[in-house]
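model the following, please.
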Amino acid sequence: GGIDPLVTHIKMQTETMTSVGADFHVFTGFNSKKWYAGVEVNYNQIISTNIKHTDKYKDNVYADVVDGWYKSTASNLKLGVALGTRFNKFDVYLHGGISKTGQFKNYLFVPNYYALLGVNYRF
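Sure thing, here's the model as predicted:
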């Protein structure tokens, strides 16, 4: 498990957003040199987001929008399984489960499913 700082920057036609937060993750299961299998929990919380709206947004959506920092703008909770194998210099993994999104105080319990299939090359 661990805690990682999280910084994202997104630029779109209607706004630019820079977010800061933290990602908390825990894995429990079996791990060997050749494979791993287990259960994972991942939670990330965006603590604050700076939003700057473009003129396109102001002209077409809402002229009096306020730019600036907004607190507790989003969160994401993932509960799932993780499977992986290692051979030579490759890792092949499959992670999947349920993802729920919302804000810290009022979580939206509408489940979404996620799956991640990946290959890593170690050098």
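
could you list the low-pLDDT ranges of the chain?
For the chain, applying pLDDT under 70 flags the ranges 103-111.

in it, what residue spans correspond to helices?
Using DSSP state H, the helices of the chain run over 55-60.

quick one: the strands in it?
In the chain, the strands defined using DSSP state E lie at 2-11, 15-31, 35-53, 68-87, 90-102, 112-121.

wait, which of those is closest to Asp59?
Counting by Cβ to Cβ, Asp59 lies closest to strand 35-53 out of the strands of the chain; the figure is 10.2 Å. For every residue, glycine as well, the C-beta is placed using N, CA and C.

would you mark the buried spots in the closest one?
For strand 35-53, the neighbour count (16 or more other Cβ atoms under 10 Å) marks Tyr36, Glu40, Asn42, Tyr43, Asn44, Gln45, Ile46, Thr49, Ile51, His53 as buried.

ok so, going back, nearest to Asn60, of the strands of the chain?
From those, taking Cβ to Cβ, the stretch that ends up closest is strand 35-53, at 10.6 Å.

by contact count, what packs against that closest one?
If you count contacts as 3 or more Cβ pairs under 8 Å, 6 or more residues apart in numbering; DSSP states H and E, strand 35-53 packs onto strand 2-11, strand 15-31, strand 68-87.

and the first one, how far out from the chain's middle?
It refers to strand 2-11. Computed by Cα atoms, centre = their mean, to the nearest Å, the separation of strand 2-11 from the middle of its chain amounts to 8 Å.

cool, and the last one?
The chain centroid and the centroid of strand 68-87 are separated by 4 Å, computed with Cα atoms, centre = their mean.

okay then, goodbye and thanks.
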